[in-house]
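Chemist: below: sequence and its predicted model.
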Amino acid sequence: MIELIGGSILLSIIHAAIPNHWIPVVVIGKAEQWSRKEMIGVTAIASFAHTLSTILLGIVIGLIGYKLSDTYHIITDVVAPLVLVFMGLIYFSLSFRHTEHEHLPAKEKLRNKSKPTIITALALSMFFSPCLEIEAYYFTAGTHGKLAIWLLSAIYLIVTVAGSILLVTLASKSIEKFKWHFLEHHEKKITGIVLIALGLLSYFIKH
């Protein structure tokens, strides 16, 4: 269970730090002349919407892992770690295709829109784009029991929302001072490596 908690925290921190999740809020907020408090409020709404859809899907996947592992022990010992390694390899390979992890709509599409419209657009965009990397981890959590699923959900919610708010607070002070290019271009590679490492760790701990 300790490795599950550690992995949950690590994946949640990486997820919260992904620039494309929250930098558009700062850019739009600056363009719309929102106060820092308004930016933080919008970030909280968008992050919660994104986290909610990810958690709802994750719970379903986690319960599938729970049901299967309860009947077939090979799910816990072999399949769950392999799922993490496989997802990690996919994310790592995607990093060489220079695809962007985009969730929020481009600021040009929201120009001259009312504040409620902008907030609704951001929230809906985030809600309908759950993150698949954490879903693979939900499957693994399910093999540890229902408590692990709820624990992962709580960690993911708290770290993602709090992390996004913290980063927006820092970036809103002076976005030019922060260099996010490394994370923007390597977030899939980092996520892939972490998933592979967690899969291998999960396998060898049980053996």
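Modeler: Noted; the coordinates are in hand.
Chemist: can we go C-alpha only for contacts and neighbour counts from here?
Modeler: OK.
Chemist: was I right about Pro81 contacting Ala197?
Modeler: No. With contact defined as C-alpha atoms under 8 Å, Pro81 and Ala197 do not form a contacting pair (9.6 Å).
Chemist: tell me which of the two has more neighbours.
Modeler: It is Pro81, of Pro81 and Ala197, that has more neighbours when counted by other C-alpha atoms under 10 Å, with 25 against 17.
Chemist: list the residues that contact Ile119.
Modeler: Contact analysis of Ile119 by C-alpha atoms under 8 Å, 6 or more residues apart in numbering lists 42, 45-46.
Chemist: now those residues: which count as buried?
Modeler: 42, 45-46 (16 or more other C-alpha atoms under 10 Å).
Chemist: in strands, which of the contacts of Ile119 fall?
Modeler: Within the contacts of Ile119, no residue falls in strands by DSSP state E.
Chemist: distance of the residue nearest to Ala46 when sequence neighbours are not counted from Pro24?
Modeler: Among residues not flanking Ala46 along the chain, Ala123 sits closest, at 4.4 Å (C-alpha to C-alpha, 6 or more residues apart in numbering). Look at Ala123 and Pro24: by C-alpha to C-alpha, to the nearest Å, they are 13 Å apart.
Chemist: neighbour count: these two, which is higher?
Modeler: Between Ala123 and Pro24, counted using other C-alpha under 10 Å, Ala123 has the larger neighbour count: 22 against 19.
Chemist: wait, that one sits on Ile45?
Modeler: Yes. With contact defined as C-alpha under 8 Å, Ala123 reaches Ile45; the gap is 6.5 Å.
Chemist: which residues do those two both contact?
Modeler: Residues touching both Ala123 and Ile45 by C-alpha under 8 Å, 6+ apart: none at all.
Chemist: what about His144, which SS state?
Modeler: coil (DSSP: H, G, I helix; E, B strand; the rest coil).
Chemist: what about it, neighbour count?
Modeler: Counted with other C-alpha under 10 Å, His144 comes out at 19.
Chemist: quick check: phi and psi on it?
Modeler: phi -90, psi -10 (degrees, to the nearest 10).
Chemist: mind checking how far it is from Leu152?
Modeler: Between His144 and Leu152 the computed distance is 11 Å (C-alpha to C-alpha).
Chemist: buried stuff in the lengthiest helix in the chain?
Modeler: Criterion DSSP state H: the longest helix present in the chain is helix 36-71. For helix 36-71, the neighbour count (16+ other C-alpha under 10 Å) marks 36, 39-40, 42-55, 58-66, 68-70 as buried.
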